[in-house]
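Asker: Here is the input, now give the coordinates:
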Amino acid sequence: MDDVTREKLHARLDEILDRRAEIEPPESPDRVNYLGALSGYAPSTPEVPPADARELFSAMIELARDALGDQVRRSGLWRHYSNPAQQRKIVKSWLDELWPIINAPPQSALTIAPQSELTVFDLMDAISALDAGEIRPMFVANTGRNRRANRWSLAQTKLEALAWKRRLLALGYREKAANFEITKAFQEQWDTIRKWQPQCEAILGRSHVAVSLGHAASTADYYVRPRSGLFGPVRPDPIKSLQSAGDRYRAELNRSAELSKRKGRSPDA
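Answerer: Alright, predicted model coming up:
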């Protein structure tokens, strides 16, 4: 790390500490008084405004990310798995490392968090329960109208179609040519496909959709980024990859229809 980068990081930390001093209420001496805690005294301290707290939290996370650097962040946490079941173990290992910053301590030594307050330990317990074959309420799927078991996966494949539109335009395709290639791969009319974004945002979240679409139109995209070296990296044919995306969409569409039939045959339907 060069001296200029180091100084910038120190300056950002100073800004964060100054901002914390502005928004965090002063701590009452009685708050940590043992006798006061025993007597059940819980001093009323003004809360930090949530918007200010989230802004400060984000700034600190960005500082930690930049201070650690890419190599440390990639090597510091377990990432690779040999089978899908290990994915839950990876998430649990991340929470083991991060819970001190994620989980806020209680107000006093004897304070117990209310039952309605979600803590990182609730999430860790729910993940452990999955390994034992029990599904805790946190992970019970929402049910009701239009909620098939693959609703999320189907929305992901629809988002792929929208991302491919941006990707093809970035690759130099004209508007009509891009629309034609996508309709051919997904076997849906473009007038249908272009209306998928609100559906995807409702199911996947607006930020998830925005990040995916933004990536597909950027130089960070595998298909779009400039070639390096004499010949550049070997890439698959984008049209073949688009066809594979269309195949995944139709597979999820067929699975959704099959799940709908099963639900109709269920005695509980």
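Asker: use CA for all of it now, contacts and neighbours both
Answerer: Fine.
Asker: For the protein, which segments are assigned as strands?
Answerer: For the chain, no strands are identified by DSSP state E.
Asker: shaky segments in it?
Answerer: Applying pLDDT under 70 to the chain flags residues 27-46, 104-115, 144-148, 227-235, 262-269.
Asker: Helices of that one, start to end?
Answerer: 3-23, 34-38, 50-76, 86-102, 120-131, 151-170, 175-186, 190-193, 196-204, 206-216, 238-265 (DSSP state H).
Asker: Buried deepest among these, which one?
Answerer: Most buried of the helices of the chain, by mean neighbour count (mean count of other Cα atoms under 10 Å): helix 151-170, with a mean of 21.
Asker: from the chain's centre, how far out does that one sit?
Answerer: In terms of Cα atoms, centre = their mean, to the nearest Å, the centre of helix 151-170 is found 17 Å from the chain centre.
Asker: Find the centremost residue of this structure, please.
Answerer: Geometric centre of the chain, nearest residue: H208, 7.0 Å, by Cα atoms, centre = their mean.
Asker: Could you measure from the spatially closest residue to it that is not a sequence neighbour over to A251?
Answerer: Distances taken as Cα to Cα, 6 or more residues apart in numbering place E201 nearest to H208, at 7.7 Å, with adjacent residues excluded. Distance of E201 to A251, given as Cα to Cα, to the nearest Å: 21 Å.
Asker: residue contacts, R250?
Answerer: Contacts for R250 (Cα atoms under 8 Å, 6 or more residues apart in numbering) come out as F186.
Asker: Quickly note the distance from it to A149.
Answerer: As for R250, its distance to A149 is 16 Å (criterion: Cα to Cα).
Asker: Also Q199?
Answerer: Distance, Q199 to A149, by Cα to Cα: 16 Å.
Asker: And for F186?
Answerer: From F186 across to A149, the span is 21 Å (Cα to Cα).
Asker: Likewise for K158?
Answerer: In terms of Cα to Cα, K158 sits 16 Å off from A149.
Asker: ditto for V140
Answerer: Distance from V140 to A149, by Cα to Cα: 11 Å.
Asker: Which one of those two is surrounded by more residues?
Answerer: Here V140 and A149 are compared on neighbour count by other Cα atoms under 10 Å; more neighbours surround A149, at 15 against 8.
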